[in-house]
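> model this:
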Amino acid sequence: MPTDLTIRQAAQAAWCCVVGTLLAAGVAVAAGERTDPAAEGLTVVHPVMHQNHLRNPGMGLIYYGTPEDPPDCADVLYFHMAWYDVEKAPGEFNFNTPRFQQALRVAEKHDRKLAIRLVTSWQNYETPIPRYLLDRGVRLFPHGQQHGSRYEHFYEPEWWHPAYIAAHKRMVKAWGAFIDGHPRVAWIDARYYGFWGEGHRYQAVEPWPDDVDLQQYCKDRIDEYIAAFKQTPIVVQTAGDNDVPYPHGTAIDYAVDRGMWMRRDGFGCCIEQDESDFIKANFPRSIVIAENAGRLTDFYAGDRIKHYFRNRLSNLDSLVDEMFEHRINYFPLGWGKEGYELLAGRRPDIITRASLRTGYRFVVTRGAWPPTVSPGDAFALKADWVNLAVGRLPFRYWPTVWLKGPDGAIVGSARVSNVDVTGWVEGARYATEFDIKLPSSVAPGTYSLWVGLADEKEHPVVALGIEGDDGQRRYRLGTVEVK
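Reported below is the predicted structural model:
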């Protein structure tokens, strides 16, 4: 078991990775903020970095479940719903189930996001699909064996049956009409085929029919989700399937080509090389959501993780290393309470590392502007940015500066509109220049300059890894004198 000393050392090592990213980007790491008016006649500042957890859009730490009091570090609460529970009669949908209501209540109470998997294959359901489909001839097949044992009541439906296909299309359309654009939802899993809907049927007892084109089947289901979800991100599982060409055999490439995010639940013991290559090759245009393949207790013990096609000796550190090697935006805190408590109690350094390295972590490393200006003047403010984490920002926001008067009121602003921050990746320095125009009516005095990433309405959205937050995600750079 790690000692307190080794945990502190590991947490410090995570911070050293952050500092190493700065050095790799050619940034001088300053001990704190300093002002240097002599540098080319400009005021030059180096904001102070911090190690606080950042809760930002499109990234975070995942807790599997919706406990009444989720951990402070959990950004996303992940849960599933079964098709059987939301459609009791043909075309009569009720997605606002008690399970959904409880998850939404917890998320709103604690200001968290939700991620939802609506499944058509799940254990402990006598039927995971509406019963009326059974009356129309849709068969259920036993799941087969998983890890040497059988789940009770674990069936997969007859995916290729015409009645199933038609009903599934109606269900996805209704699901999108209900949840698309919900402010509490981080993403929706597009689960449409295979055990748990994960795109694989290893050890299936019923083979896929020879006269059904699996690739086209998957494309059709993907198109259904794309048609139903115009605002909320949708996610495709990137796992391969048994004896199926990868990735086009189950149309994973088709999904990513159309803007779906990538999710892999097999980190630690079951990612094949072609899957790894696919994820890495598509990182610049998609993002990666990670889930561990086995229980964290097994990884902690350093056991051999048994899987359909793996029997590899793994531990927690190799599991986490593999996730960050694939530049993940979302990190799993294990499977529910057991996994989280193991990390929090025995390896809190991993949570610290995940907090610092998951997704994106933008810092402004340098700002420069003239020390004095006059009413009606325009002046330039230059700011250098670095991403300290392994992933990227998946949404388009804009670098923005605000000018606040002596009373704290905003009297001016400027943004850089020709910069695409979704391409800001680890290990590079990004220079921005703002053209700030002072109103001619502005009174003389000392004004403060603030920086952030904002939406089209110049509302700050992204938390940065530097000190000086005004409580609304604007960060103080320094002051300018209006003469």
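
> how close does D407 get to A443?
10 Å (CB to CB, to the nearest Å). (Glycine included, C-beta is placed from N, CA and C.)

> and these two? Which one has more around it.
Taking neighbours as other CB atoms under 10 Å, D407 and A443 compare with A443 leading, 11 against 7.

> so the more buried one touches V482, yeah?
Yes - between A443 and V482 there is a contact under CB atoms under 8 Å: 7.3 Å.

> find the residues that touch each one of the two.
Common contacts of A443 and V482 (CB atoms under 8 Å, 6 or more residues apart in numbering): P375.

> helices along the stretch 251-400 of the chain, start to end?
Ranges of helices in the stretch 251-400 of the chain, per DSSP state H, counting those that start in this stretch, are 252-257, 273-281, 296-301, 316-325, 336-346, 348-357.

> tell me the centre residue of the protein?
Among the residues of the chain, the one closest to the centroid is M59, at 3.3 Å (CA atoms, centre = their mean).

> quick one, what contacts that residue?
Per CB under 8 Å, 6+ apart, neighbours of M59: 75, 329-330, 358-360, 389, 391, 393.

> for it, give its distance to I287.
8 Å.

> identify the contacts common to these two.
Shared contacts of M59 and I287, counting by CB under 8 Å, 6+ apart, come down to 329-330, 391.

> ok, and the most crowded of the residues you listed?
Ranking the shared contacts of M59 and I287 using other CB under 10 Å puts Y330 first, with 28 neighbours.

> how about the strands in the stretch 301-450 of the chain?
Under the criterion DSSP state E, counting those that start in this stretch, the stretch 301-450 of the chain contains strands at 304-306, 311-313, 328-332, 362-369, 372-373, 378-387, 398-404, 410-415, 429-437, 445-454.

> and of these, who's closest to R258?
The minimum distance between R258 and those falls on strand 328-332, with 18.5 Å, by CB to CB.

> picking up where we left off before, which one of the contacts of M59 is nearest C270?
Y330 (18.4 Å).

> what's the closest non-adjacent residue to the closest one?
Of all residues not flanking Y330 in the chain, I289 sits nearest, at 4.2 Å (CB to CB, 6 or more residues apart in numbering).

> where are the low-confidence patches of this protein?
1-16, 18-39, 145-151, 304-311 (pLDDT under 70).

> at 80 instead, please
For the chain, the stretches flagged by pLDDT under 80 are 1-40, 144-152, 303-313.

> domains for it, by residue range?
Segmentation of the chain into domains, based on automatic domain parsing, reads 4-52+361-482, 60-357.

> quick one on the thing from earlier: just the contacts of M59 now: which is nearest Y254?
Out of these, the member with the shortest distance to Y254 (by CB to CB) is N329, at 21.3 Å.

> identify the residues contacting that closest one.
So N329 contacts 58-60, 287-289, 358-360, 391-392, 394 (CB under 8 Å, 6+ apart).

> for K173, same thing?
For K173, the contact set (CB under 8 Å, 6+ apart) comprises 224, 227-228.

> select from those residues every entry located in helices.
Using DSSP state H, 224, 227-228 are the members of these that sit in helices.

> buried subset of those residues, written for PyMOL?
Entered in PyMOL, the line below selects the buried ones among the ones in helices among the contacts of K173, by 16 or more other CB atoms under 10 Å:
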select buried, resi 224+228
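
> quick check, nearest of the ones in helices among the contacts of K173 to R258?
Distance to R258, by CB to CB, is smallest for A227 among these, at 10.8 Å.

> gap between G60 and P71?
12 Å.

> okay, the two: which has more neighbours?
G60 (26 against 17).

> bridged to the more buried one, which residues?
Y330 (DSSP bridges).

> my read: it touches Y78, true?
No - contact between G60 and Y78 fails when scored by CB under 8 Å: they sit 10.7 Å apart.

> could the contacts of M59 be laid out in a markdown table, adding distance to L319?
Formatted as a markdown table, the contacts of M59 follow (distance: CB to CB, whole Å):
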| residue | distance to L319 |
| --- | --- |
| D75 | 20 |
| N329 | 17 |
| Y330 | 15 |
| T358 | 14 |
| G359 | 18 |
| Y360 | 22 |
| A389 | 18 |
| G391 | 17 |
| L393 | 25 |
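
> which among those residues gets closest to P375?
Of the contacts of M59, the one sitting nearest to P375 (CB to CB) turns out to be L393, at 36.0 Å.

> contacts only, for the closest residue to that closest one other than its chain neighbours.
For L393, ignoring the flanking residues on the chain, the nearest one in space by CB to CB, 6+ apart is Y360 at 4.8 Å. By CB under 8 Å, 6+ apart, the residues touching Y360 are 56, 58-59, 329, 387, 389, 391-393, 424.

> from these, pick the one nearest G259.
Using CB to CB, the shortest approach to G259 within those belongs to G58, at 13.3 Å.

> list the buried ones in the helix or strand that contains K109?
Per DSSP states H and E: K109 is located in helix 98-110. Residues 99-100, 103-104, 106-107, 110 are the ones in helix 98-110 that count as buried (16+ other CB under 10 Å).

> so what touches the next helix or strand after that helix?
Heading C-terminal from helix 98-110, the first helix or strand you meet, by DSSP H and E, is strand 113-119. Contact partners of strand 113-119, identified using CB under 8 Å, 6+ apart, comprise 60, 62, 66, 75-83, 86, 103-104, 107, 128, 175, 179, 184-189, 191, 196-197.

> tell me which of the residues you listed fall in helices.
Using DSSP H, the contacts of strand 113-119 in helices are 83, 86, 103-104, 107, 175, 179.

> of all pairs in those residues, which one is the farthest apart?
W83 and A107 (22.1 Å).

> endpoints of stretch 244-260, how far apart?
21 Å (CA to CA, to the nearest Å).

> and it, how far from the chain's centre?
Remark: stretch 244-260 is offset 20 Å from the chain centroid, using CA atoms, centre = their mean, to the nearest Å.

> show me what contacts the closest residue to H161 other than its chain neighbours?
Nearest residue to H161, sequence neighbours excluded (CB to CB, 6+ apart): V138, at 4.6 Å. By CB under 8 Å, 6+ apart, the contact set of V138 is 129, 157-158, 161, 163-164.

> ok, V138 to E156 distance?
11 Å.

> can you check E322 too?
Distance, E322 to E156, using CB to CB: 29 Å.

> so for the two, which sits in the more crowded spot?
Per other CB under 10 Å, whichever of E322 and E156 has more neighbours is E156, with 25 against 19.

> surely that one is in contact with Y193?
No - in this structure, E156 is not within contact of Y193 by CB under 8 Å, at 9.2 Å.

> show me which pair in the buried residues of helix 98-110 is furthest apart.
R99 and H110 (17.3 Å).

> and the strands in the stretch 101-250 of the chain?
113-119, 140-142, 155-157, 185-189, 234-237.

> want to throw those into a markdown table with distance to K382?
Output for the strands of the stretch 101-250 of the chain, formatted as a markdown table (distance: least, CB to CB, whole Å):
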| stretch | distance to K382 |
| --- | --- |
| strand 113-119 | 34 |
| strand 140-142 | 63 |
| strand 155-157 | 58 |
| strand 185-189 | 34 |
| strand 234-237 | 38 |
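
> perfect, I'm done here.
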